[in-house]
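1. Just a sequence and a predicted model for now, questions to come.
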Amino acid sequence: MLKKELTFALDYALNKGFQIHPDAFKILENVDVKKLEKVIKEIVREKLKQRLFQINQDDLETYLGIKEDRTLQNSHKIVFDPTSRITTGEGVKGYNALFSSRFKKLKRIISDRPESRMIKSISSVKTAKLEDDMYVCGLVTSRNTERNVTKLVLEDPSGIFEGVVFDGELQKTAGVLLSDQFVMARVSIGKNAGFIIKDLILPDIPDQATNRSETEAYVVFLSDLHIGSKYFMEEEFTEFIVWLSSPDPVARKIRFVLIGGDVVDGVGIYPNQDKELVCKTIEEQLKKFEELLDKIPKYVKIFIMPGNHDPGRRALPQPAIPKKYNSNLWNRENVFMVGNPAIVSLNGVKVMMFHGQSIDDIVKTTPGLSYDNPVNVMKHLLRARHLSPIYGSQTPIAPEIEDLMVIDEIPDIFHVGHVHRAQLDMYKGILLVNSGSWQKQTPFQASVGMTPNPGIALMVNLKTFQVFHENYNSNLDNVLQS
Ligand code: D5M
Ligand code: FE
Ligand code: ZN
């Protein structure tokens, strides 16, 4: 049954001798009913003047200001996708290969530093008798602070190094080192033959020029939709998706949508999950996702990355959501399925996407970090030049022969999700985006005191890096942090 306003509009045009093209009709169906009368009357008046008696898609798009601006570029390149590179080794052998790859890659990254020319292997430092300072590097095996002294243990392929930090400032750096992260240390031999650590140097991000798009195309950052969960904010999310094809000047410039994982809530992800699901199978959940994506204009390119709730392998790096669960997603021309992590270049702007599973382990073991400020954890990852350093905690890491979680390439934008708190920041010229969520606080999150700020869509102008947001949450306390 047509709404009465729509029937009125159709009759009005027909009575004036007009035909309405089916494509134009599809647009009319989506026009706000309160505006329909005005829209149809003005278009009819204009076309009468021109003596053209067919109302087509172009007439409506021009009138509503939703005509696609063809001057906006939307070129893309998938710079890195682990999906086809996953080669998982086996057991202990595999993990040895993984850590050896991590060490080699990060040693190469740190070789840009002048001090790195003086790096010695741990075994040679241990037999040295020199009084001069020496440099070693390795992965952090342990750190521990007692009575104002921090003890660090590092490991390189030649052996294990133990040293102590006495300096108060340096202890602050040492105290927030992550387990299994790479670090370079300036060391000397102390009076009673132990090693004193005098400086700690992280791979970090060098000062660098960042890339910008030539045209003002915008990108939307989304993650953690949790479709299928009864806490998925379907109404608000749909409202946002519909907004994408509205005449709003920001919406008109959107050419890319990035989805950073936890697209669906999944099945069997946590105990008794079925009681909190409205869609009980992965296929049903992904079908709903597909229907929502269908409402996004086809000139918008959509990139989809998995998270810990999505189907496929759980361990990092994750391949793209497998085709068998929904081949339509794979077959759409404007949809690109990538693994976790991934790097995509949008009009030349490099975006590194990572769901963010490692944040859980980092928050738990690092003083001063919390779920409320995910951007601070993201800065830690950039300094470590690694997306998931901690091994053996909650985040499963696969024994890959090559460590694909090392941050080899420096991005212009770093996009993370997982902790359900939308937040923005900058670090060394890199825009940090945590894309929040579209799932209301779950009973589990309430029980551990996690307060998400769901229903906020973050957007960036790829030419100027100006940021925008649309807040669909009716709760006034639910705001964007920055
Ligand atoms: O995770 C949403 C957030 O909830 C994320 O910050 C981790 C946290 N979370 C989820 N499950 C657990 C458990 N079992 N322990 C601690 N913290 C947890 P999501 O991936 O959307 O479930
Ligand atoms: Fe999530
Ligand atoms: Zn997650």
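-> Cool, the structure landed. Numbering: from 1, shown residues only. Ligands and ions are numbered 1, 2, ... in the order given.

2. So I302, which state does it fall into?
-> strand (DSSP: H, G, I helix; E, B strand; the rest coil).

3. Show me the beta-bridge partners of it.
-> V257, V335 (DSSP bridges).

4. Same check on K77?
-> Beta-bridge partners of K77, as defined by DSSP bridges: S345.

5. quick one: average pLDDT of the strand ranked longest in the chain?
-> Secondary structure of the chain per DSSP state E: the longest strand is strand 134-146. Mean pLDDT, strand 134-146: 95.

6. Tell me the helix or strand right after that strand.
-> Note on strand 134-146: by DSSP states H and E, the next helix or strand toward the C-terminus is strand 149-156.

7. Alpha carbons of that following strand, in CSV - could you do that?
-> C-alpha atoms of strand 149-156 as CSV (Å, rounded to 0.1, in the frame of the first residue of the first chain):
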residue,chain,number,x,y,z
VAL,A,149,64.4,-0.2,40.3
THR,A,150,63.1,-1.7,37.1
LYS,A,151,64.5,-4.9,35.8
LEU,A,152,64.2,-5.7,32.1
VAL,A,153,64.9,-8.9,30.2
LEU,A,154,65.5,-8.7,26.5
GLU,A,155,66.1,-11.5,24.0
ASP,A,156,67.8,-11.5,20.6
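
8. what about it, distance to the chain center?
-> Taking Cα atoms, centre = their mean, to the nearest Å, one finds the center of strand 149-156 at 32 Å from the center of the full chain.

9. Provide a list of residues in contact with K287.
-> By Cβ atoms under 8 Å, 6 or more residues apart in numbering, the contact list for K287 reads N326. Any C-beta I mention is one placed from the backbone N, CA and C, and that applies to glycine too.

10. Check whether the closest residue to ligand 1 within the chain sits in a helix, strand or coil.
-> Ligand 1 sits closest to V419 of the chain, with a gap of 3.9 Å, by Cβ to the nearest ligand atom. Put simply, V419 is coil when judged by three-state DSSP.

11. Excluding sequence neighbours, find me the nearest residue to it.
-> Nearest residue to V419 in three dimensions, chain neighbours excluded: P374, at 4.7 Å (Cβ to Cβ, 6 or more residues apart in numbering).

12. just T238 next, same as before
-> Per Cβ to Cβ, 6+ apart, closest to T238 is L292, 6.7 Å.

13. host element of the one you found?
-> Take DSSP H and E as the rule and L292 turns out to sit in helix 282-293.

14. What helices and strands are in contact with the longest helix along the chain?
-> Longest helix of the chain, by residue count under DSSP state H: helix 91-110. Other elements packing on helix 91-110 under the criterion 3 or more Cβ pairs under 8 Å, 6 or more residues apart in numbering; DSSP states H and E are strand 134-146, strand 182-189.

15. Show me which positions of stretch 274-289 end up buried.
-> Neighbour-count burial for stretch 274-289, counted by 16 or more other Cβ atoms under 10 Å, picks out 276-277, 279, 282, 284-289.

16. now do stretch 9-20
-> Buried-residue list, stretch 9-20, by 16+ other Cβ under 10 Å: 9-10, 13, 18, 20.

17. got the residues of the protein near ligand 2?
-> Residues of the chain lying close to ligand 2 (Cβ under 5 Å from the ion) are 224, 262.

18. those helices in the chain, which residues are they?
-> Per DSSP H, the chain carries helices over the ranges 4-15, 22-30, 33-50, 57-64, 91-110, 122-126, 168-175, 234-243, 282-293, 327-331, 359-365, 374-384, 443-447.

19. Pick the most buried one from those helices.
-> Comparing these by mean neighbour count (mean count of other Cβ atoms under 10 Å), helix 374-384 comes out on top with a mean of 23.
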